[in-house]
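Participant: I would like to see how this sequence folds:
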Amino acid sequence: MHVRTFLYLLANAFACMSVFLCARARFPHKFILPFRCCIFMGKTAQLRAGNVIIS
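Facilitator: Residues are numbered from 1 along each chain as shown. Alright, predicted model coming up:
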């Protein structure tokens, strides 16, 4: 695993946590929304990491 890939995944994890906590604070009864956002951000981070590895 490249260092850049690790940094991308780490940044994605922090962004995911912040989005999740923010959504929990604003919408305590909605659990699906932050998870969807988290999955979407994870996919974009994987695509970016893949592009970094390829290039």
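Participant: make it CA atoms for all contacts and neighbour counts henceforth
Facilitator: Fine.
Participant: just the pLDDT for Ile32.
Facilitator: Here the pLDDT value assigned to Ile32 is 58.
Participant: the helix or strand containing Cys16 packs against which elements?
Facilitator: Using DSSP states H and E, Cys16 maps to helix 3-26. Judged by 3 or more Cα pairs under 8 Å, 6 or more residues apart in numbering; DSSP states H and E, helix 3-26 is in contact with helix 32-54.
Participant: residue ranges with poor pLDDT in this structure?
Facilitator: 1, 22-24, 27-39, 41-42, 45-47, 49-55 (pLDDT under 70).
Participant: again, 50 this time
Facilitator: 55 (pLDDT under 50).
Participant: now the spatially closest residue to Arg48 that is not a sequence neighbour: how far from Arg26?
Facilitator: Spatial nearest neighbour of Arg48, excluding adjacent residues (Cα to Cα, 6 or more residues apart in numbering): Tyr8 at 7.9 Å. The gap separating Tyr8 from Arg26 is 27 Å, by Cα to Cα, to the nearest Å.
Participant: which of the two has more residues huddled nearby?
Facilitator: Tyr8 (17 against 10; other Cα atoms under 10 Å).
Participant: what about Val3, how many neighbours?
Facilitator: Neighbour tally, Val3, other Cα under 10 Å: 8.
Participant: scratch that, His2 is what I was asking about
Facilitator: Neighbours around His2, by other Cα under 10 Å: 9.
Participant: how about Cys16?
Facilitator: What Cys16 shows, counting by other Cα under 10 Å, is a neighbour count of 20.
Participant: roughly how far does it sit from Ala25?
Facilitator: Cys16 is 14 Å from Ala25, by Cα to Cα.
Participant: with Ala11 instead?
Facilitator: Taking Cα to Cα, one finds Ala11 at 21 Å from Ala25.
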